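[1] kindly return the folded structure for what I paste below:
(2 chains)
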Amino acid sequence: AQKVTQAQTEISVVEKEDVTLDCVYETRDTTYYLFWYKQPPSGELVFLIRRNSFDEQNEISGRYSWNFQKSTSSFNFTITASQVVDSAVYFCALSEAGAGTALIFGKGTTLSVSS
Amino acid sequence: DTGVSQNPRHKITKRGQNVTFRCDPISEHNRLYWYRQTLGQGPEFLTYFQNEAQLEKSRLLSDRFSAERPKGSFSTLEIQRTEQGDSAMYLCASSLAGYNQPQHFGDGTRLSIL
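    Now for the predicted structure:
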């Protein structure tokens, strides 16, 4: 069965620290997509990145980077030089080719960045 | 660029009442999804439409819940005879067709049952 686990419930850091949010997934499909979303206090889920199961190349976008490793079924997200505006709940999600279009979300990691 | 719009933002109602929420997707998106999110949890899938056809429903969607998308544009989610356990944030998302397409979410409707 498909499942997404975000073991870190809450993380607190001080501005300018680097922080990594962990995501481990389970799926029987060989074709799937992984996503990260950000949910700030305002509530709207904001799409950050999509990665398909055949592309293990890491990606960097500004202060954000993502490390996808199929061998460990992980898709971790790192924020470099964190800022107060990064404070939010971050969700990892899975979409499988053979299971319709529903996103399977983890429980989320609450990141608090203090100044 | 207009995003996904949901209204109302908040709904407070007494147990046993019926409520209806509306979602307006991004105009070029033919898929529309409903999710429910409770405190401390990730969103859970309820149902989705491709154009006006409802193609998938979760087991979470009890008989008291009904969703429509009559003209393939906006959608409504109705809950009949509300119960305490229905209190949650109801999220709507839209996307282009395909399991690999990112879903774009609205701000949600927060439902509180008294």
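[2] for residue 108, what are its contacts?
    No chain was given, so I picked chain A. By C-beta atoms under 8 Å, 6 or more residues apart in numbering or on different chains, the contact set of A:Gly108 is A:Gln6, A:Gln39, A:Val89, A:Tyr90, A:Phe91, B:Gly40, B:Gln41, B:Gly42. Any C-beta I mention is one placed from the backbone N, CA and C, and that applies to glycine too.
[3] that was the other one, I meant chain B.
    A:Gly43, A:Glu44, B:Gln6, B:Arg9, B:Gln37, B:Met89, B:Tyr90, B:Leu91, B:Cys92.
[4] thinking again about what came up before, out of the contacts of A:Gly108, which are inside strands?
    Under the assignment DSSP state E, these contribute A:Gln39, A:Val89, A:Tyr90, A:Phe91 to strands.
[5] just give me the neighbour total for the first one.
    Pointing back at A:Gln39 there. A:Gln39 has 21 neighbouring residues, counting by other C-beta atoms under 10 Å in any protein chain shown.
[6] in this structure it contacts A:Phe47, no?
    No: at 10.9 Å, A:Gln39 does not count as touching A:Phe47 under the criterion of C-beta atoms under 8 Å.
[7] tell me the one of the ones in strands among the contacts of A:Gly108 nearest chain B?
    Ranked by distance to chain B (C-beta to the nearest C-beta), the ones in strands among the contacts of A:Gly108 are led by A:Phe91 at 5.2 Å.
[8] and the strands in the chain?
    All of this refers to chain A. Going by DSSP E, chain A shows strands at A:3-5, A:10-14, A:19-21, A:24-26, A:32-39, A:46-52, A:59-61, A:64-69, A:74-79, A:88-96, A:104-105, A:109-114.
[9] actually chain B
    For chain B, the strands defined by DSSP E occupy B:5-7, B:10-13, B:19-24, B:31-37, B:44-50, B:53-57, B:65-68, B:75-79, B:88-95, B:104-105, B:109-113.
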